[in-house]
Each structure stands twice: as C-alpha cells, then as structure tokens.
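>>> sequence first, then the predicted structure:
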Amino acid sequence: MDNEIQLISDGDGLAVIGNAADVERFLVSEGLSPKGREPKRLKSVFGTGAAAAQAGSDIAAGSALWVKLTKESAQRVKKFGLMDSKTPGISHVMVGKPGSIKNWLQTEKGAGSFLTNPARLAGAAGIMAQLSMQQTMDEITDYLAKIDEKVTDVLRAQEDKALAGMVGVELVIGEAMTIREQVGRVSEITWSKVQNTSETIATTQAYALRRLDALAEKMERKTKVGDLATAAKEAESKAPEWLAVLARCFQLQDAVAVLELDRVLDAAPEELDRHRIGIRIARQNRLELISRSTERLLDRMNAAAGEANAKVLLHPTKSPAVVQSSNHVVTGIHGLHGRLGIESGSRSSETRRWAVAATEVRDRALETGAKGVGAAKSLGNETLDRARTTTGRLSSGIAERVRRRGGGGDGEERDAKG
C-alpha cells in the first residue's frame with residue numbers, strides 16, 4: 001500500500017508523519033485542520049545535539065505535523081485503531097490510502113522508524129507534550145491580551161515579596177524561552193536561571209486560589225439581596241484579576257515544563273519518559289486545584305443570581321444587579337476554563353424582570369382563585385343536591401302519611417254511616 005503515514009497520539013495531540021502532500025491530504029480529509037488551530041511542524045522545535053539525534057532524519061526528510069485533539073477529532077481518530085506502544089501513554093498506527101482520499105486504512109506494512117525505535121518514539125512523545133503546552137500558552141496569551149497591564153499592576157501592588165517576585169520570574173522565563181528558540185536547546189546555564197522559579201509561581205498560584213475562595217465564602221454568608229449585591233459587585237471587580245493571575249501562573253509553569261523537557265532530552269534522554277509522565281501528572285493536579293476553586297465560585301455566583309431572581313419583586317433594582325455581576329464572574333471563569341481545557345459547569349443566569357415576576361405572581365393568584373371558586377361552586381352544588389334530595393325525601397314521607405291518614409278517615413266515616 002502506497003502513501004503510508006504514521007500516526008502518533010498521546011491523548012492530547014496527534015502527530016502525522018510522512019510525505020508532505022499525503023500528510024496534508026490526511027489532515028484535510030479527516031477535518032483535522034480547522035481554522036484557528038493550524039497544525040504545527042514537529043521539526044520546527046528541533047535544534048541540534050540530542051534532540052535532533054532522538055528525532056532521527058525521518059522528520060527532516062519528510063513532513064511531521066502536530067494538531068491539538070478536541071473531543072470531536074479524538075473520536076474521528078479512534079476509527080484508525082491506534083495501538084498502545086511500549087512508550088507510556090503513547091499509541092500509534094500506520095495508515096495508507098488505497099486510491100481514495102476518503103478511505104485511509106490501517107496497514108501492517110512498513111512499520112517506520114518511529115514505531116520500531118523506542119528512543120525516537122520517546123523523543124517524539126516529549127516534543128508532542130511540549131507542543132501541547134505551547135498551544136495552551138498561546139491561548140492564555142490571547143486570554144490575557146486585554147488585561148495584561150492590570151495583572152502586572154496586581155502583582156506589583158502586593159507587599160508579599162513572593163507575589164511581587166512574579167514580575168521578575170516572568171522576565172527570567174521569557175529570556176530562557178528566547179534563548180531556546182535561538183540556540184535550539186536548553187543548556188545547563190540557561191536551565192540554572194529558571195530551575196528555582198517554580199516555588200515563586202506556586203506561591204502566587206496558591207495566593208490567587210485563596211482570594212477566589214474568599215470571594216466564594218463571602219457570597220455564601222450573604223442571604224439578604226442588598227448584601228448579595230454588594231458581595232457580587234466585589235466579586236465582579238476582583239475575580240477577573242485573580243483569574244488572570246492564575247492563567248499567568250499556569251502559563252509560566254507550562255513554559256518551565258517545556259524548558260525542563262528540553263534539558264532532560266539534552267542531558268539525560270533515557271529519563272525523558274519518566275519526566276514527561278511526571279510533568280503530565282503535576283499539570284493535571286494543578287488543573288484540579290484551579291477547577292475546585294473556580295467551580296465553587298461559579299456555583300456560588302449562579303446560586304446568588306437564583307436567589308436574587310426569586311426576590312425581584314421586593315428588590316427590583318438590586319436583584320438585577322446581582323445577576324449582572326454574577327454573569328460577569330461566570331463568563332470570566334468559563335473563559336479561563338476554555339483556555340485550560342477544564343470542563344465548565346452551569347452557564348450564566350438570565351435576569352428575571354420585575355414585570356415578568358409580577359405577571360407570574362398575578363397569574364398564580366388568579367389560578368389559585370379560580371381553583372378556589374371552582375371548588376366552592378362544586379361544594380355548593382353538591383350541598384344543594386343533597387338538600388334537594390333530603391327535601392324530596394321529606395316531602396314524599398309527609399305526603400304518604402297524609403294519604404294514609406286521609407284513607408283511614410274515609411273508612412271510618414263509611415262505617416259510621418252504615
């Protein structure tokens with residue numbers, strides 16, 4: 001079978017390796033090149049030294065494109081029957097095109113260097129992990145584009161040295177990434193500059209999570225609509241800042257992980273798989289921490305909107321304000337979740353207008369009144385029927401007694417005359 005290509009997946013992304021034209025046709029035919037998610041070239045991240053050696057000459061000779069997998073595209077890829085490899089978390093398959101662009105089939109022919117060489121497959125897996133994190137970093141950059149200055153101001157305004165130190169950490173990591181792009185590797189000197197930045201980032205992340213938890217707790221303690229409106233307004237003002245700080249922390253942590261994988265690939269390639277798996281686990285743990293705090297605030301804001309809507313008749317001005325503030329916070333949380341790949345909970349609430357609420361109350365009152373009138377009317381009719389029945393029976397009884405009495409008198413009168 002001609003035109004064979006190799007597919008390698010780590011669950012987050014898919015690498016397609018083969019002849020450039022065939023790779024492009026495959027991506028197009030399977031709908032894996034949507035707008036806004038252009039494939040990235042694996043060879044663009046290779047420099048010199050161990051990285052290039054691990055990748056081999058196959059990528060340089062052909063084409064290797066990587067795409068981020070969505071839920072939909074991951075389902076489409078499943079039909080090719082990717083098989084687990086000896087490299088943890090990595091599956092692969094060879095597919096070919098028997099003449100029709102719409103009919104790519106799995107094939108055993110020509111296994112290919114990546115599928116038969118564990119070292120090269122491990123190298124490709126490490127690079128795919130880097131590309132996945134770089135994609136997230138790019139998406140966070142877009143998310144922060146409009147509020148970047150505000151985030152910097154928040155960090156600089158903190159008296160805590162660790163928080164204020166985030167500004168310096170950004171500069172150090174940014175410099176290391178620039179050197180990496182120019183040199184093609186992460187030297188011991190470059191790594192030494194960034195390896196101690198993780199503690200500062202983690203401290204800042206924990207601080208931002210506590211601030212979001214504090215906003216949720218304040219909302220939970222409020223029951224009156226007026227108090228809810230004040231707390232919701234504060235959340236509307238503060239939550240976006242701390243969400244942005246969390247996004248920046250996550251972005252910098254991914255950058256450090258990218259540099260770390262390069263350093264391991266260069267200095268100790270035999271440990272690459274273990275580092276890649278460890279980084280993946282640590283990254284998922286960070287996502288779960290962020291998800292717990294943000295989902296709690298999300299639930300609290302939606303609950304506040306529900307409470308406010310239920311009392312809109314009594315608070316026609318403050319209730320809509322609660323809903324509006326809540327929706328701003330909810331939108332910000334969903335925005336962050338989308339960039340980080342976190343499944344979001346409930347969406348924004350609709351403002352319940354005073355007139356609508358008043359109409360609903362009126363309709364319920366009329367319905368209740370109508371039911372009451374109907375019940376009373378039914379009861380009255382039943383009573384009247386019973387009264388009529390009783391009266392009828394009573395009248396019949398009296399008439400019978402009168403008749404009997406009248407009949408007996410006639411007989412006695414006849415006897416007397418006789």
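Arrived safely, thanks for sending. The model shown is predicted, which means the values in this text are computed figures rather than measured ones.

>>> low-confidence ranges, this protein, go.
1-3, 34-37, 43-62, 97-117, 146-162, 313-315, 345-418 (pLDDT under 70).

>>> the strands in it, which residues?
Assigned by DSSP state E, the chain shows strands spanning 5-9, 13-18, 40-41, 63-68, 83-84, 91-96, 105-106.

>>> among these, which comes closest to residue 220?
Smallest distance to residue 220 across these (Cβ to Cβ): 36.8 Å, for strand 63-68. All C-beta atoms are positioned from the backbone trio N, CA, C, and that covers glycine.

>>> reformat the strands of the chain as TSV; add mean neighbour count and distance to residue 124.
Listed next are the strands of the chain as TSV, based on neighbours: other Cβ atoms under 10 Å; distance: least, Cβ to Cβ, whole Å:
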stretch	mean neighbour count	distance to residue 124
strand 5-9	24	6
strand 13-18	24	6
strand 40-41	16	13
strand 63-68	23	8
strand 83-84	10	15
strand 91-96	21	9
strand 105-106	14	19
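
>>> for those strands, which one sits closest to residue 234?
Set against residue 234 and scored by Cβ to Cβ, those come closest in strand 63-68, at 36.4 Å.

>>> can you name the residues in contact with the closest one?
By Cβ atoms under 8 Å, 6 or more residues apart in numbering, the residues outside strand 63-68 that reach it are 12-20, 23-24, 27, 32-33, 37, 39-43, 58, 73, 127-128, 131-132, 135.

>>> just the ones in helices from those residues, please.
Among the contacts of strand 63-68, DSSP state H puts 20, 23, 24, 27, 58, 73, 127, 128, 131, 132, 135 in helices.

>>> biggest separation within those residues, which pair?
Pairwise distances across the ones in helices among the contacts of strand 63-68 peak at 23.9 Å for 58 and 73 (criterion: Cβ to Cβ).

>>> one step back: between the strands of the chain, which gets nearest to residue 250?
Comparing the strands of the chain against residue 250 with Cβ to Cβ, the closest turns out to be strand 63-68 (16.3 Å).

>>> the closest one versus strand 13-18: what angle between them?
160 degrees (axes from the mean of the first three to the mean of the last three Cα atoms, to 10 degrees).

>>> strands paired with strand 63-68, and their directions?
Strands adjacent to strand 63-68 in the sheet, as given by DSSP bridges, are strand 13-18 (antiparallel), strand 40-41 (antiparallel).

>>> extract the C-alpha set from that strand and format it as PDB.
Extracted in PDB, the C-alpha atoms of strand 63-68 (Å, rounded to 0.1, in the frame of the first residue of the first chain):
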ATOM      1  CA  SER A  63       6.900  16.100   7.000                       C
ATOM      2  CA  ALA A  64       5.600  15.800  10.600                       C
ATOM      3  CA  LEU A  65       2.700  17.900  11.600                       C
ATOM      4  CA  TRP A  66       1.100  18.100  15.100                       C
ATOM      5  CA  VAL A  67      -2.500  19.000  15.800                       C
ATOM      6  CA  LYS A  68      -4.300  19.500  19.100                       C
END
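
>>> helices of the stretch 201-350 of the chain, start to end?
225-267, 272-310, 318-340 (DSSP state H, counting those that start in this stretch).

>>> quick one, the longest one and helix 272-310 angle?
Orientation note: helix 225-267 sits at an angle of 170 degrees relative to helix 272-310 (the same axes, to 10 degrees).

>>> what packs against helix 225-267?
helix 50-55, helix 118-144, helix 148-157, helix 166-183, helix 188-194, helix 198-221, helix 272-310, helix 318-340 (3 or more Cβ pairs under 8 Å, 6 or more residues apart in numbering; DSSP states H and E).

>>> what is the neighbour count of residue 341?
Using other Cβ atoms under 10 Å, residue 341 has 14 neighbouring residues.

>>> I'd say it and residue 136 touch.
Yes - the pair formed by residue 341 and residue 136 meets the contact definition of Cβ atoms under 8 Å, at 7.3 Å.

>>> follow-up on the earlier one: for residue 96, which of the helices of the stretch 201-350 of the chain is the nearest?
Per Cβ to Cβ, nearest to residue 96 of these: helix 272-310, 28.7 Å.
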